[in-house]
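K.L.:
Need coordinates for the following:
(one chain, ligands or ions: 1)
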Amino acid sequence: MNIHNAIREGTKFLRKNNVKYPELDSELLLAKVLRKEREYLILNLDKNVNEDNLKDYKDLIEERSFGKPIAYLTKKKSFWNSEFEIREGVLIPRPDTEILIQEALKILKFKNQSSILDIGVGSGCILLSILREKPFSYGTGIDISNKSINLSNINAKKLGILNRVKFVKTDVDNFYFGKYDLIISNPPYIKNNEIKYLENDVKNFEPKLALDGGLDGTFKILKIIKKASFLLKKNGKLILEISKDQKTSVTKLLKKEGFYINKTRKDYAQNDRCIISSKI
Ligand SMILES: C[S@@+](CC[C@H](N)C(=O)[O-])C[C@H]1O[C@@H](n2cnc3c(N)ncnc32)[C@H](O)[C@@H]1O
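P.N.:
Residues are numbered from 1 along each chain as shown. This is a model prediction of the structure:
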């Protein structure tokens with residue numbers, strides 16, 4: 001079978017199984033199997049796909065038809081200006097989270113040697129993206145998940161910044177080390193009775209530990225605010241990702257813990273997505 005027909009068959013199968021972007025996903029999976037970029041496929045539609053590759057491709061198409069996210073199948077995801085290795089058990093970086101990077105870079109614009117803490121570091125996408133942009137800064141990433149700490153180390157090595165970052169496997173509750181200019185976090189913030197309404201790809205495949213924010217979604221956020229109040233230098237900044245209905249409640253928690261609210265930011269869909277505050 002040639003590349004053109006393999007994509008056509010894959011697309012047909014995924015469409016029948018209600019996958020949102022059947023053609024794109026078929027192309028990405030075939031490119032993964034052939035170890036080529038997507039563009040190669042488009043320029044080589046007549047080339048034959050050998051039996052072994054065809055079998056691997058069909059297996060991936062089948063997994064995708066069950067809802068497994070494309071990033072867990074291709075094992076990579078672009079975020080900000082890097083490509084991150086991705087593994088099952090670790091949250092896939094989201095485009096909206098890039099808003100946190102924009103805000104961090106504004107805060108760090110005139111600072112050279114900043115110390116940055118990322119709470120719930122996951123794949124390392126936030127902390128490593130900032131460190132790539134700020135070559136004299138250094139960072140610490142913490143996470144309760146072993147898989148996240150391993151993957152963050154892999155990504156730091158791949159991006160050549162292992163010497164400016166360290167990762168610690170710990171619950172935020174048990175972490176007391178250092179004083180930071182900037183603390184940043186995309187915490188688990190989904191109300192636990194709303195997890196069942198998330199898309200199948202998310203709720204069936206992404207780690208609950210990365211999503212579950214307790215009864216009202218702010219259980220982990222409050223822990224992070226309290227810990228940030230202890231770990232930030234005076235006038236240090238806290239950047240938090242929130243869900244669209246948490247602006248009022250999280251603002252209240254921040255003020256109660258003695259933070260000054262600098263600003264809130266909306267995401268690409270115009271939902272409140274991020275709060276920037278200062279320790280006073
Ligand atoms: C929403 S994910 C964010 C991952 C990554 N920063 C990103 O933006 O893609 C939240 C992360 O917090 C971690 N986490 C959950 N509870 C934690 C806790 N008590 N202490 C430290 N990390 C925790 C999860 O394992 C997960 O990696």
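K.L.:
Which other helices and strands does the helix or strand containing residue 167 contact?
P.N.:
Mapping residue 167 onto the secondary structure by DSSP states H and E places it in strand 165-169. On a contact count with 3 or more Cβ pairs under 8 Å, 6 or more residues apart in numbering; DSSP states H and E, strand 165-169 meets helix 125-133, strand 138-143, helix 146-158. To be clear about C-beta, it is placed using only N, CA and C from the backbone, and glycine gets the same treatment.
K.L.:
okay, those in CSV with distance to the ligand, mean neighbour count and mean pLDDT next?
P.N.:
Formatted as CSV, these follow (distance: least, Cβ to the nearest ligand atom, whole Å; neighbours: other Cβ atoms under 10 Å; pLDDT from 0 to 100):
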stretch, distance to the ligand, mean neighbour count, mean pLDDT
helix 125-133, 5, 24, 98
strand 138-143, 5, 24, 98
helix 146-158, 4, 19, 98
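K.L.:
if I look at the nearest residue to residue 220 once chain neighbours are set aside, how far off is residue 57?
P.N.:
Leaving aside its sequence neighbours, residue 220 sits nearest to residue 187 (Cβ to Cβ, 6 or more residues apart in numbering; 4.6 Å). According to Cβ to Cβ, to the nearest Å, residue 187 stands 37 Å off from residue 57.
K.L.:
Got the confidence number for the nearest residue to residue 141 once chain neighbours are set aside?
P.N.:
With sequence-adjacent residues excluded and distances taken as Cβ to Cβ, 6+ apart, residue 141 is closest to residue 121, at 3.2 Å. In the prediction, the pLDDT value recorded for residue 121 is 98.
K.L.:
can you check residue 14 too?
P.N.:
pLDDT, residue 14: 98.
K.L.:
Residue 268 now?
P.N.:
So, for residue 268, pLDDT stands at 88.
K.L.:
returning to what we had before: kindly calculate the angle that the strand holding residue 167 makes with strand 138-143.
P.N.:
Angular relation of strand 165-169 and strand 138-143 on a 0 to 180 degree scale: 20 degrees, by axes from the mean of the first three to the mean of the last three Cα atoms, to 10 degrees.
K.L.:
Which residues of this protein lie near the ligand?
P.N.:
With Cβ under 6 Å from any ligand atom as the criterion, the chain comes near the ligand at residues 91, 93, 97, 120-123, 125-126, 142-145, 148, 171-172, 186-188, 209-210, 220.
K.L.:
Buried by neighbour count, from those residues: which ones?
P.N.:
91, 93, 97, 120-123, 125-126, 142-145, 148, 172, 186-188, 209-210, 220 (16 or more other Cβ atoms under 10 Å).
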